[in-house]
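**Student:** Sequence isn't available, so here's the structure alone:
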């Protein structure tokens, strides 16, 4: 069944309900007294934070909470859980209404908690911060217990490497066992970061989205928890506005904590990541990544994500929804991974590879990878033209070592080639429609692929014997010694593995629902 976005909103405490210290909880009131905070908005934010952490069952799981509110060292040093315990000490720190930041580029700064990881379990711990995430030093570590590469350390950081800025998280070992790359397309990772370990698996979530789980170390360093707003190799000073350490959190609890802290920052007008709690987390990440503001496109993308997720397809397929306001936006997949776009034009109707060399979307998937494990390619074409070239190709010469699809040539034939120069054709008098090519692993005798149009099988083509190339597939796209097909596409996708006939049928329905929502039929 297809569904629209679920309601993910948390219960909230309004200003009129919890605006002043007179009706604050005991914990919030103690914080106001110790910090000297009398500002109405700041009190409202703290009340919201305390009330919702308690309402959602997270307060008891927090060991230390530093809300970094008040604009001065006295207030910023306080632990919301108990203002008499585990204060922060500062070195090289500037205090402001935005939180804490480094003072001077190239000079190390720190906020060190009196709380150490000695009391933390290597199998049941979480930690995180809200703030900017810029390259910090040679290791890149920004938060952790000690911040160095040795057994027992925990941390979060960012380093620079080539065209990407990898985002790292580690639990129990900073020597590399927990490295998780994260692309620069996500604005350096500004926002909320959480790492949690439960049942032997460590997870990292950034702005509501879980990254790939990793296997943590099994020791505890016992060092002081800390933030490093700057170090000797900084080019930008980090600013932090929330910091916590707690017990291990489930995926649901991590998402709930993201929502609460995000709302808390919004009350204080210091949000780095704006999310809509009625949208799927992937939608929030995607719209944030490409700065998507068009409400029709946001709704359509959110419906697409929910429908894929509700049918168990979201994590199986890399989908390019072709929305946004600049050509680069059209290179992003739903999981916020950035491909590249060659010569092409774009509009509210989709992506149109130009009649030019190597035009179209470079997916990053190679023909060899698809042939090795099996895979699939799909798209919705919403422009009917008959041309002499291909709609799917590789970013190289037209050889026999890849997959080529031509939807409609001048003879009204659809042409398919798989690792061979021998074509398989079928009549196709109208190029418009939803296409899905299921590609089994392997080449040679006995292996063939099936092409579906609008959910129905229309062609089976044998695989040739050529060795699949390591060149990447363009879906849609052309190749270097022929012109592009010049047809427009409303959406495309690619993946490895195999989909069942039922999944292919469901996917066709989901794609058509998305296309209809955007008026791209």
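**Tutor:** Looks like it came in fine. Just so we're clear, the structure is a prediction, and the values are computed from it rather than from any experiment. Numbers count the residues shown, from 1 in each chain.

**Student:** can we go C-alpha only for contacts and neighbour counts from here?
**Tutor:** Noted.

**Student:** Name the nearest residue to residue 308, sequence neighbours excluded.
**Tutor:** Once flanking residues are discounted, residue 308 sits nearest to residue 314: 4.7 Å by Cα to Cα, 6 or more residues apart in numbering.

**Student:** Got the domain ranges for the protein?
**Tutor:** With domains defined by automatic domain parsing, the chain comprises 15-267, 292-517.

**Student:** now those domains as JSON lines including mean pLDDT and mean neighbour count?
**Tutor:** Formatted as JSON lines, these follow (pLDDT from 0 to 100; neighbours: other Cα atoms under 10 Å):
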{"stretch": "domain 15-267", "mean pLDDT": "79", "mean neighbour count": "21"}
{"stretch": "domain 292-517", "mean pLDDT": "87", "mean neighbour count": "21"}
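
**Student:** Would you reformat these as CSV and include distance to residue 282?
**Tutor:** CSV is the format used below for the domains of the chain (distance: least, Cα to Cα, whole Å):
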stretch, distance to residue 282
domain 15-267, 7
domain 292-517, 7
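
**Student:** residue ranges of the strands in the stretch 1-150 of the chain, please?
**Tutor:** For the stretch 1-150 of the chain, applying DSSP state E, counting those that start in this stretch gives strands covering 62-66, 88-91, 93-96, 99-102, 109-116, 124-131, 141-145.

**Student:** Figure out which of those is closest to residue 347.
**Tutor:** Closest approach to residue 347 among the strands of the stretch 1-150 of the chain (Cα to Cα): strand 124-131, 34.9 Å.

**Student:** Can you classify residue 401 as helix, strand or coil?
**Tutor:** Three-state assignment for residue 401 (DSSP: H, G, I helix; E, B strand; the rest coil): coil.

**Student:** Surely it is in contact with residue 443?
**Tutor:** No - using Cα atoms under 8 Å, residue 401 makes no contact with residue 443, being 10.1 Å away.

**Student:** what do these two both touch?
**Tutor:** Common contacts of residue 401 and residue 443 (Cα atoms under 8 Å, 6 or more residues apart in numbering): 419, 466-467.

**Student:** any idea how far the nearest residue to residue 121 once chain neighbours are set aside is from residue 248?
**Tutor:** Excluding the flanking residues, the one nearest residue 121 by Cα to Cα, 6+ apart is residue 220, at 7.4 Å. Going from residue 220 to residue 248 by Cα to Cα, to the nearest Å gives 14 Å.

**Student:** Which of the residues in stretch 270-280 are classified as buried?
**Tutor:** Using 16 or more other Cα atoms under 10 Å as the test for burial, stretch 270-280 gives 271-275, 277, 279-280.

**Student:** Format those residues as CSV; extra columns: pLDDT and distance to residue 57.
**Tutor:** Below are the buried residues of stretch 270-280 laid out as CSV (pLDDT from 0 to 100; distance: Cα to Cα, whole Å):
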residue, pLDDT, distance to residue 57
271, 88, 24
272, 84, 25
273, 76, 24
274, 70, 24
275, 70, 22
277, 74, 19
279, 89, 23
280, 88, 22
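
**Student:** now, which of those lie within strands?
**Tutor:** With DSSP state E as the criterion, strands contain none of the buried residues of stretch 270-280.

**Student:** Nearest spatial neighbour of residue 425, chain-adjacent residues omitted?
**Tutor:** residue 415 (4.5 Å).

**Student:** My error: substitute residue 284 in the last question.
**Tutor:** Closest to residue 284 by Cα to Cα, 6+ apart is residue 275, at 5.6 Å.

**Student:** Would you check how far apart the one you found and residue 338 are?
**Tutor:** 21 Å.

**Student:** Check residue 123 too.
**Tutor:** From residue 123 over to residue 338 the distance is 34 Å, taken as Cα to Cα.

**Student:** do the same with residue 321
**Tutor:** Going from residue 321 to residue 338 by Cα to Cα gives 12 Å.

**Student:** Residues that sit against both of those two, list them.
**Tutor:** When contacts are counted by Cα under 8 Å, 6+ apart, the set common to residue 321 and residue 338 consists of residue 332.

**Student:** thinking again about what came up before, ok, the shared contacts of residue 401 and residue 443 vs residue 428, which is closest?
**Tutor:** Comparing the shared contacts of residue 401 and residue 443 against residue 428 with Cα to Cα places residue 419 closest, at 22.2 Å.

**Student:** Correct me if wrong: the closest one contacts residue 405.
**Tutor:** No - using Cα under 8 Å, residue 419 is not in contact with residue 405; the gap is 11.9 Å.

**Student:** mind checking the end-to-end distance for stretch 49-64?
**Tutor:** In stretch 49-64, first residue to last residue: 14 Å (Cα to Cα).

**Student:** What backbone torsions are found at the residue nearest to residue 284?
**Tutor:** For residue 275, the backbone dihedrals (degrees, to the nearest 10) come out as phi -120, psi 150.

**Student:** surely it meets residue 282?
**Tutor:** No - assessed by Cα under 8 Å, residue 275 is found out of contact with residue 282, at 10.4 Å.

**Student:** roughly how far apart are the closest residue to residue 247 other than its chain neighbours and residue 315?
**Tutor:** Spatial nearest neighbour of residue 247, chain neighbours left out: residue 125 (4.3 Å); criterion: Cα to Cα, 6+ apart. According to Cα to Cα, residue 125 stands 27 Å off from residue 315.

**Student:** Equivalent analysis for residue 94, please.
**Tutor:** Residue 94 is 42 Å from residue 315, by Cα to Cα.

**Student:** same question, residue 306
**Tutor:** To residue 315, residue 306 is 12 Å away according to Cα to Cα.

**Student:** same question, residue 101
**Tutor:** Distance check for residue 101 against residue 315: by Cα to Cα, it reads 37 Å.

**Student:** Please apply the same query to residue 272.
**Tutor:** Counting by Cα to Cα, the gap from residue 272 to residue 315 is 27 Å.

**Student:** Dihedrals phi and psi, residue 442?
**Tutor:** phi 100, psi 170.

**Student:** Please give the element, helix or strand, for the residue nearest to it when sequence neighbours are not counted.
**Tutor:** Excluding the flanking residues, the one nearest residue 442 by Cα to Cα, 6+ apart is residue 371, at 5.4 Å. If you go by DSSP states H and E, residue 371 is part of helix 367-373.

**Student:** This completes my enquiry, with thanks.
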